[in-house]
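Asks: Structure of the sequence below:
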Amino acid sequence: MKIYLVGGAVRDELLGRKVTEKDWVVTGATPSMLLEQGYTQVGKDFPVFLHPHTRDEYALARLERKTGSGYTGFDCDASPSVTLEEDLQRRDLTINAMARAQDGTLVDPYHGQQDLTNRVLRHVSPAFSEDPLRIFRVARFASRYHYLGFRVAPETQTLMQQMARTGMLKELTAERVWMETRRAVMQSDPDVYFTALKEAGGLSGWFCELITGLPEHLARLKQAAASSVSLEVRMASLLCGLSADDTQALCQRLKCPNSVTDLAVFASRFAHSLSGRPGADELLEIFNRTDAWRKPKRFAQLLEVVDIKNQVEQTSWPQTQILGALEAARNIDVQKIIAGGARGPQIKTALDEQRHAAVAQILLKTG
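Replies: Have a look, this model is predicted:
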């Protein structure tokens, strides 16, 4: 039995990047051998085990054969006869197909170190085309390592385009696509992810709404990344140029978390109005529809999106005025309204009137 450090840990060590997690491959072993040593099996489709102390993942070397459609349409052979080189050959990119032996020796049968030096993202073998998720993974790696000058190899670009034309991206689950997208959007160059997908023909299915006006969408996303804002604000910045219906459709297709979808839809509906000079009626309506009263953090995120939009468009906007109007409206004390004798529906009517008056007064002062 031999154990090798594999994949991202080897790649990032050679790039001088911080290694955040370690994955291991075990050759010449059976599940029972690892279980006897205290490992815990967690993989159902193929044998993956957790180390009894470090909790790192240890996988038996395996071969995979495409037998059906989708991400899980593979048969797995994890017998002790599978070699390290065979295991590495099934991986996506050469830079992810290297291993480090326990004595420190680098095992690099597919020239990943050379591609690291040359800053190239190249597929290991034709088996790359069996898994459509790899198009999104390559786009994510292009985004992640853009600052180092990495580019997609021409032959890999061609293969990705051929894969996209077959329609196989439809086989993917929303959860898998969202996982890659979420990770890419949080990179320092998230716009590269969508550019790489466009060049591979991978936008038309999952992100069809972004095709029209893509440069403007990506300009806002790039500015959001430069501002080091949250995932929700980055996604809303990307999508705020769409209609609310298109934003809703895209987020539902990806099964985005509610926090992402809600902010993105609000940004699509209200970012343009908030960028201008909304009157008291319009501003109060926005406060009400976004529930700024009970969810001030989300409204603050909405204003971050508007700020990013205006930075890209190089226009000024009344952020201070809007914040002042919201604070004034939030300071209206409903208990005083009740103490004044209002009952039932009268309470809401009086609250709305007083909030409107407070907003109008702020707009008049700062107008």
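Asks: Show me where the stretch 1-150 of the chain dips below the pLDDT cut-off.
Replies: Applying pLDDT under 70 to the stretch 1-150 of the chain flags the ranges 44-45, 66-74.
Asks: any chance you could map the helices in it?
Replies: Along the stretch 1-150 of the chain, counting by DSSP state H, counting those that start in this stretch, helices occupy 8-15, 31-36, 84-89, 112-118, 133-144.
Asks: Return the most buried member of these.
Replies: Most buried of those by mean neighbour count (mean count of other CB atoms under 10 Å) is helix 133-144; its value is a mean of 24. Quick note: C-beta positions are derived from backbone N, CA and C, even for glycine.
Asks: Could you list the residues in contact with that helix?
Replies: For helix 133-144, contacts defined as CB atoms under 8 Å, 6 or more residues apart in numbering pick out 71, 92-93, 95, 121, 123, 128, 150-152, 156, 160, 163-164, 169, 172, 176-177, 180-181, 183-184, 187, 189-194, 196-197, 200, 202.
Asks: just checking, which of the residues you listed belong to strands?
Replies: Using DSSP state E, Leu121, Arg151, Val152 are the members of the contacts of helix 133-144 that sit in strands.
Asks: what's the neighbour count on the first one?
Replies: Yep, that's Leu121 we're talking about. 23 (other CB atoms under 10 Å).
Asks: so it touches Glu155, yeah?
Replies: No. Leu121 lies out of contact with Glu155 (CB atoms under 8 Å); the separation is 10.9 Å.
Asks: Make CSV out of the helices of the stretch 1-150 of the chain and add distance to Leu218.
Replies: CSV is the format used below for the helices of the stretch 1-150 of the chain (distance: least, CB to CB, whole Å):
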stretch, distance to Leu218
helix 8-15, 25
helix 31-36, 46
helix 84-89, 34
helix 112-118, 26
helix 133-144, 11
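Asks: buried stuff in the longest helix anywhere in the chain?
Replies: Criterion DSSP state H: the longest helix present in the chain is helix 345-366. By neighbour count on 16 or more other CB atoms under 10 Å, the buried set for helix 345-366 is Ala350, Leu351, Gln354, Arg355, His356, Ala358, Val359, Ala360, Ile362, Leu363.
Asks: Can you check what pLDDT the model gives the first one?
Replies: I take that to be Ala350. Residue-level confidence at Ala350 comes out at 93, pLDDT.
Asks: Surely it and Ile338 touch.
Replies: No. Using CB under 8 Å, Ala350 is not in contact with Ile338; the gap is 9.1 Å.
Asks: ok so, going back, can you tell which of the helices of the stretch 1-150 of the chain is closest to Asp262?
Replies: helix 133-144 (24.4 Å; CB to CB).
Asks: List the residues that contact Lys18.
Replies: Here Lys18 is in contact with Asp12 (criterion: CB under 8 Å, 6+ apart).
Asks: One more pass at 6 Å, please.
Replies: By CB atoms under 6 Å, 6 or more residues apart in numbering, no residues touch Lys18.
Asks: cool, Gln248 as well?
Replies: Val265.
Asks: Surely it forms part of a strand?
Replies: No. Per DSSP: H, G, I helix; E, B strand; the rest coil, Gln248 lies outside any strand segment and is helix.
Asks: per-residue confidence for it?
Replies: 98.
Asks: now the one 4 residues further on
Replies: Among the per-residue scores, Gln252 shows a pLDDT of 98.
Asks: in which helix or strand would I find it?
Replies: Here Gln252, judged by DSSP states H and E, is contained in helix 244-254.
Asks: Roughly how far does Gln248 sit from Arg269?
Replies: 10 Å (CB to CB, to the nearest Å).
Asks: what's the answer for Val25, then?
Replies: Val25 is 49 Å from Arg269, by CB to CB.
Asks: And those two? Which one has more around it.
Replies: Counting neighbours by other CB under 10 Å for Val25 and for Arg269 shows that Val25 has the greater number, 22 against 18.
Asks: Against Lys2, how distant is the more buried one?
Replies: Applying CB to CB, the value for Val25 to Lys2 is 9 Å.
Asks: Ala325 too?
Replies: From Ala325 across to Lys2, the span is 67 Å (CB to CB).
Asks: who's more crowded, those two?
Replies: Neighbours were counted for Ala325 and for Lys2 using other CB under 10 Å; Ala325 has more, 25 against 13.
Asks: about what we covered before: from the buried residues of helix 345-366, which is closest to Thr320?
Replies: Ile362 (10.0 Å).
Asks: Pull the contacting residues for that closest one.
Replies: When contacts are counted by CB under 6 Å, 6+ apart, Ile362 touches Gly324, Ala325, Ala328.
Asks: Repeat that for Arg234.
Replies: Arg234 sits next to Val185, Ala224 when contact means CB under 6 Å, 6+ apart.
Asks: The same query, at a cut-off of 8 Å, please.
Replies: Neighbour list for Arg234: Val185, Met186, Pro190, Leu221, Ala224, Ala225 [criterion: CB under 8 Å, 6+ apart].
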